[in-house]
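Colleague: sequence first, then the predicted structure:
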Amino acid sequence: MDVFGAIADPIRRELLLRLADGPARVVDLAAEHAVSRPAISRHLRVLSDAGLVRGTDDGRERRYALDPGPLSEVGALLGALTASRAPVTAGHLDALGTEVRRAARDRRRGTTASGTKTTGTSAKERTA
């Protein structure tokens with residue numbers, strides 16, 4: 001199975017997230033999910049076949065650890081999909097906030113963006 005097929009299942013994604021914290025025994029992984037231990041073992045086998053986890057025998061128990069190498073393929077796809085979009089930075093948001101405040105101030109003063117006075121009466125002038 002390829003990496004994309006392996007990460008398509010939500011339980012397998014949860015297992016990967018858990019293994020990102022460090023190696024774990026199958027019994028511990030099964031205790032964290034509402035599925036049987038054999039089902040967790042099958043999910044781990046799929047992840048292992050895709051190269052995303054590796055299992056080692058530790059006596060009678062089997063421990064699994066994350067192998068993030070194959071995820072570079074997913075990262076490359078995500079990078080290609082988002083490369084054409086410019087990132088929105090905190091600076092962009094600050095500039096937008098400044099423009100919103102400036103437009104609100106200009107509306108209150110009755111001026112346009114170029115600084116010229118707008119025609120018509122303001123609310124202050126109507127009440128006077």
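Modeller: Yes, it's here.
Colleague: hmm, who's touching the one helix or strand Leu15 maps to?
Modeller: Here Leu15 is covered by helix 10-19, with elements defined by DSSP states H and E. Applying C-beta atoms under 8 Å, 6 or more residues apart in numbering, the external contacts of helix 10-19 come out as 6-7, 24, 29, 32-33, 35, 39-40, 43-44, 46-47, 52-53, 64-66. Where you see a C-beta, it was placed from the backbone N, CA and C, and this is true even at glycine.
Colleague: narrow the residues you listed to those in strands?
Modeller: Among the contacts of helix 10-19, the members falling in strands are 24, 53, 64-66 (criterion: DSSP state E).
Colleague: where does Gly22 sit: helix, strand or coil?
Modeller: When the structure is reduced to helix, strand and coil (DSSP: H, G, I helix; E, B strand; the rest coil), Gly22 reads as coil.
Colleague: name the nearest residue to it, ignoring sequence neighbours.
Modeller: The shortest distance from Gly22 to any residue other than its chain neighbours is 7.6 Å, reached at Ala65 (C-beta to C-beta, 6 or more residues apart in numbering).
Colleague: check Asp58 too.
Modeller: Taking C-beta to C-beta, 6+ apart as the measure, Asp58 lies nearest to Arg25, with 7.8 Å between them; neighbours along the chain are not counted.
Colleague: how many neighbours does that neighbour have?
Modeller: Taking other C-beta atoms under 10 Å as the neighbour definition, Arg25 ends up with a count of 13.
Colleague: where's it relative to Arg62, distance?
Modeller: Separation of Arg25 from Arg62 (C-beta to C-beta, to the nearest Å): 7 Å.
Colleague: please apply the same query to Val35.
Modeller: 17 Å.
Colleague: compare those two and say which is more crowded by neighbours.
Modeller: Between Val35 and Arg62, counted using other C-beta under 10 Å, Arg62 has the larger neighbour count: 14 against 11.
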